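Novice: Take a look and give me a structure for this.
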Amino acid sequence: MTYRTSTSASWARSRSRSSYWLLYVLALAAVICLPLSIRSSGWVPEADRLIWAAFWGLGVGFLIAQARVPDWMTWLGSMVLGVEYSLQFAAKLAPGLAMLLDDALGAFSWAWRALVFQNANLPLPFARSLAYSVTRINEFIDNLSAWAGAAQVGTASEDITVLWIAVSLAVWLLSWHVGYELIRQRRPFTALLPLGVALVSNVSFTDVGMPYVHVYLAITLATLVIANIDRLERLWHHLGLDFSAELRRDTLLAGTGITTLVLLVALIMPYRTWNDAAWFFWNRVGPTMEQIYERLDKAFAGRDPVPEPTPDPASAAMSGHLITSGLGGDEDILFTVQVSDPRPPDERELIAMYDPAEISRMVPKRYWRQRTYDIYTGSGWETSGHEASEYEAGDDWITPGYDGSEVAQTFTLLDLQPGLAPAVNMPVRVEDQRYAIVVRGQDDMTALVVNADQYTVVSMAPKPTVGQLRQAEGQYPDWVAEQYLALPDVPSTVTELAQGLVDEAGVTTRYDKALVIQEYLRRFIYDLEVEPPPLDRDVVEYFLFDAQRGYCDYTATAMVVMLRSVGVASRYAQGFGQGRFDYDAGVYVVSDQNRHAWPEVYFPDLGWVEFEPTPILSTWTRPLSPGDLSGEAVPASAQDQRSGVPRVVVWGAALAGVVLFVVVWPPKYLRRRSSDPRQAVIDIYGRLVRAARWSNLEPQDGQTPGEYLHYLGAQLEARGKYGGAARQGVQVIDRLYQQARYSQRQLAPSDSLRAESALARLSGGLWRVWLRRPKRAG
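Specialist: As a prediction, the model looks like this:
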């Protein structure tokens, strides 16, 4: 070991000054990332001014860190300075520099005249600045009081004064903390960590500004290298150890190289998050956090909206889907669809019908699909390789290799963001908009992308008969066998159950296997509030053997996994159910509650065919053979001889239908619809009360409408397995009825549509309650 024989104090001071300025430059670049990220996300008005908050906060931190005062005094002084700066930032309590200089000149003139000319009638110096400050302080107090009152009662406030104070103070303190910890405590990681948390949080919540995170990480790594070599040099210098001046250069070069390599690897490698842990947390604190978010949204309603990123079509289709607890959609109408299919029969036509196959022939069942998935992960779904190709309006992107029917659909998006475009089965072209098709491989479509609020798409919908489906036993194409028969390490209990069901039914064709598994899953209870599976459990095993209840995500996933385990190629599809047909507008109205998932099974030469294992929805009705309208088949080995229906039963059912639709639920031609949304909602409430009275669920003496509707929802839930759907429908009518009766707010036509939709869904439940009702006394 050698010791330094001559130590130069000037060398140490020079090295210290150079390190000081280098750290300041790096720290300034790091702290500016936060206001730049906030500016790019756009939610804080005039966010450019936050750069100065970061600059002054860091400068004060560097200066005060070198003061020979106790730590608590530096913290207190810095907090006071930060509050003063944020108040000036938000409310501009102090006059501007130009006004102060002008008043200073006026004060000099005032003093000169007072001394020389002894003129006592001159205005007091700084009178204009003081008047400005008093006025601004009064305005600030008024704004703060109004904001506090609105926040306390939960109403929206457009004032952004408090938002500016909070954000500018946060930027100031975080920047000050960087400078203070770097210089005073010599802890670079502790200095930069809170700033990084704030930066990453802003990017995570807004999904904007990721490049600033990359810059911040690069600066942090470089700062750690420089701070570490500074610490070692000070230690060696203090101990009197000799060291080469080139050591610093070599360390910086090596640190820069390592930092660059780490960033390149981070940018190249795909992002991976542990969604199970995130959902485990959110499922337990989510409701509480949503209430907090709702209150914050109202308290800071004056903030600017965050710009929606426009990802490329392939990225939009690539996002995975994790199966957890149901969120339950609301009544917001997302879009309408005008379709080339025949109009559904109205209530007058339904009175004359008793054959479900005849109704199905007139009303083809349609699902509006957004995307499909092929990779089961054990907790949800992901999609494999992807490629997006753009096409001009009117150009076919594919010629399907199977016979089907062309279905034209005109979508009008109301509360659904353009991008992933709903469409029936296999979209062939978009007539009036440029569009993109995302595929996993040749002809294997993942999603349709249309960036427009209205578009017309033409799809080829398979129209196979039961006979054709049973005969479609040819060999799968290689791409189908590789992607749609693959399974991870699924628990053996799941595969054994699927094989056992197929063996017990004695079926051999792919179609009959699908029917057997579909009917088995339809026995499970529909429940939107099912508890999410434990983190270490396969979601299908949890659904089949533990929960034995769930919603469409669970049933569709279970059916796809079970089918693949018995050699039937299938995939998971996501989109929307058919919705409610509006006879006046001639369109299907699709709301948030119509979000749906279902399995699709591949049949050679027939394409992808939909199935429905969710118990609250009807199955797909298909003819047994061309020209046969007898409806959906049962598995081949389980077919029973069907006896003829006695004529007296037919006439009895027809008579009951007349009573039901004319007396209990009057047809449209006996109703007078109001064009006023307020009156329409009031009429809907009356129709609901009249229908409920037939089921012995009439209002009790003394009940208010709100109390009665709460009672009605509870009774319907108690008398049927609705999984909360009946209560939600009643709550929609309750909320809109209260607004129609007692609120001054104008109701929109969409409000009456939501009430009508809720009433239509409740009608089936009231009909079932009426059939099982106890007889009235007397």
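Novice: To which secondary structure element is residue 507 assigned?
Specialist: Using DSSP states H and E, residue 507 is not contained in any helix or strand.
Novice: burial measure for it, as a count.
Specialist: Using other CB atoms under 10 Å, residue 507 has 22 neighbouring residues. Any C-beta I mention is one placed from the backbone N, CA and C, and that applies to glycine too.
Novice: correct me, but it touches residue 516?
Specialist: Yes. Between residue 507 and residue 516 there is a contact at 5.7 Å, judged by CB atoms under 8 Å.
Novice: how close does residue 425 sit to residue 624?
Specialist: Computed as CB to CB, to the nearest Å, the residue 425 to residue 624 distance reads 21 Å.
Novice: for residue 25, same thing?
Specialist: 79 Å.
Novice: more crowded one of the two?
Specialist: A direct count of neighbours by other CB under 10 Å for residue 25 and residue 624 places residue 624 higher, at 16 against 11.
Novice: Nearest spatial neighbour of the more buried one, chain-adjacent residues omitted?
Specialist: residue 466 (4.7 Å; CB to CB, 6 or more residues apart in numbering).
Novice: Would you confirm that the one you found contacts residue 620?
Specialist: No. Taking contacts as CB under 8 Å, residue 466 lies outside contact range of residue 620: 10.7 Å.
Novice: of these two, who's got more company?
Specialist: Set residue 466 next to residue 620 and count neighbours by other CB under 10 Å: residue 466 wins out with 21 against 16.
Novice: Secondary structure element for the nearest residue to residue 684 once chain neighbours are set aside, which one?
Specialist: Nearest residue to residue 684, sequence neighbours excluded (CB to CB, 6+ apart): residue 755, at 4.6 Å. Applying DSSP H and E as the criterion places residue 755 in helix 749-771.
Novice: With residue 64 instead?
Specialist: Going by DSSP H and E, residue 64 is part of helix 50-65.
Novice: Pull out the buried residues from that helix.
Specialist: Residues 50-51, 53-58, 60-62, 64-65 are the ones in helix 50-65 that count as buried (16 or more other CB atoms under 10 Å).
Novice: Can you spell out which helices and strands pack onto the one helix or strand residue 714 maps to?
Specialist: Residue 714 is part of helix 705-719 when elements are defined by DSSP H and E. Helix 705-719 is packed against helix 677-693, helix 725-742, helix 749-771, with contacts defined by 3 or more CB pairs under 8 Å, 6 or more residues apart in numbering; DSSP states H and E.
Novice: ok, now with 7 Å
Specialist: Packed against helix 705-719, as judged by 3 or more CB pairs under 7 Å, 6 or more residues apart in numbering; DSSP states H and E, are the following elements: helix 725-742, helix 749-771.
Novice: could you redo those helices as CSV and give each row mean pLDDT, distance to residue 69 and mean neighbour count?
Specialist: Output for the helices and strands packed on helix 705-719, formatted as CSV (pLDDT from 0 to 100; distance: least, CB to CB, whole Å; neighbours: other CB atoms under 10 Å):
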stretch, mean pLDDT, distance to residue 69, mean neighbour count
helix 725-742, 81, 59, 20
helix 749-771, 74, 63, 19
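Novice: Any chance of a markdown table for those, columns distance to residue 530?
Specialist: Formatted as a markdown table, those follow (distance: least, CB to CB, whole Å):
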| stretch | distance to residue 530 |
| --- | --- |
| helix 725-742 | 14 |
| helix 749-771 | 20 |
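Novice: quick one: which of the ones you listed is nearest residue 387?
Specialist: helix 749-771 (38.3 Å; CB to CB).
Novice: Show me the contact partners of the helix holding residue 714.
Specialist: 685, 692, 697, 699, 703, 722, 726-727, 730-731, 733-734, 737-738, 765, 769 (CB atoms under 7 Å, 6 or more residues apart in numbering).
Novice: any idea which of these is closest to residue 448?
Specialist: Of the contacts of helix 705-719, the one sitting nearest to residue 448 (CB to CB) turns out to be residue 722, at 33.1 Å.
Novice: Can you give me the pLDDT of the closest one?
Specialist: Per-residue confidence (pLDDT) for residue 722: 59.
Novice: Break this structure down into its structural domains.
Specialist: Annotated domains of the chain cover 9-232, 317-467, 648-771 [automatic domain parsing].
Novice: Would you mind saying which of those domains lies nearest residue 562?
Specialist: Here domain 317-467 is closest among the domains of the chain (CB to CB), at 11.1 Å.
Novice: how close does residue 98 get to residue 125?
Specialist: Distance from residue 98 to residue 125, counting by CB to CB: 16 Å.
Novice: between the two, who's got more neighbours?
Specialist: More crowded of residue 98 and residue 125, by other CB under 10 Å: residue 125, with 18 against 8.
Novice: next one: phi and psi at the more buried one?
Specialist: Here is the backbone geometry of residue 125 (degrees, to the nearest 10): phi -70, psi 150.
Novice: which residues does it contact?
Specialist: Listed by CB under 7 Å, 6+ apart, the contact set of residue 125 reads 103, 106-107, 110.
Novice: now the helices for the stretch 401-550 of the chain?
Specialist: Here the stretch 401-550 of the chain has its helices, by DSSP state H, counting those that start in this stretch, at 466-471, 478-484, 492-505, 510-521, 539-541.
Novice: Quick one: closest of the ones you listed to residue 212.
Specialist: Between residue 212 and the helices of the stretch 401-550 of the chain, the tightest spacing by CB to CB is seen for helix 539-541, at 36.4 Å.
Novice: hmm, who's touching the closest one?
Specialist: Applying CB under 7 Å, 6+ apart, the contact partners of helix 539-541 are 323, 378-379, 490-491, 493-494, 533, 557-558, 561.
Novice: ok, back up a step: quick one, which of the helices and strands packed on helix 705-719 is nearest to residue 339?
Specialist: helix 749-771 (17.8 Å).
Novice: circling back: just flag the most distant two among the contacts of helix 705-719.
Specialist: Taking CB to CB, the two most distant members of the contacts of helix 705-719 are 738 and 769; they sit 24.3 Å apart.
Novice: returning to that earlier point: can you pull the buried residues of the helix holding residue 714?
Specialist: 705, 708-713, 715-717, 719.
Novice: before we move on, what about stretch 454-463?
Specialist: Buried positions in stretch 454-463, judged by neighbour count with 16+ other CB under 10 Å: 455-463.
Novice: Just put the residues you listed in a markdown table and tack on distance to residue 132 and pLDDT.
Specialist: Listed next are the buried residues of stretch 454-463 as a markdown table, based on distance: CB to CB, whole Å; pLDDT from 0 to 100:
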| residue | distance to residue 132 | pLDDT |
| --- | --- | --- |
| 455 | 56 | 97 |
| 456 | 60 | 96 |
| 457 | 61 | 97 |
| 458 | 66 | 96 |
| 459 | 67 | 95 |
| 460 | 72 | 94 |
| 461 | 71 | 92 |
| 462 | 75 | 91 |
| 463 | 77 | 89 |
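Novice: Relative to residue 142, which of the residues you listed is nearest.
Specialist: Nearest to residue 142 among the buried residues of stretch 454-463, counting by CB to CB, is residue 455 at 49.4 Å.
Novice: so the closest one makes contact with residue 429?
Specialist: No. Using CB atoms under 7 Å, residue 455 is not in contact with residue 429; the gap is 10.8 Å.
Novice: picking up where we left off before, how about the buried residues of helix 705-719 in CSV, adding pLDDT and distance to residue 341?
Specialist: Below are the buried residues of helix 705-719 laid out as CSV (pLDDT from 0 to 100; distance: CB to CB, whole Å):
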residue, pLDDT, distance to residue 341
705, 82, 39
708, 82, 39
709, 84, 35
710, 81, 39
711, 82, 40
712, 83, 34
713, 80, 34
715, 80, 37
716, 79, 31
717, 76, 34
719, 71, 34
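Novice: Now tabulate these in a markdown table and tack on distance to residue 397.
Specialist: Below are the buried residues of helix 705-719 laid out as a markdown table (distance: CB to CB, whole Å):
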| residue | distance to residue 397 |
| --- | --- |
| 705 | 53 |
| 708 | 54 |
| 709 | 49 |
| 710 | 51 |
| 711 | 54 |
| 712 | 50 |
| 713 | 47 |
| 715 | 52 |
| 716 | 46 |
| 717 | 46 |
| 719 | 50 |
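Novice: Relative to residue 65, how far out is residue 185?
Specialist: To residue 65, residue 185 is 8 Å away according to CB to CB.
Novice: Cheers, nothing more for now.
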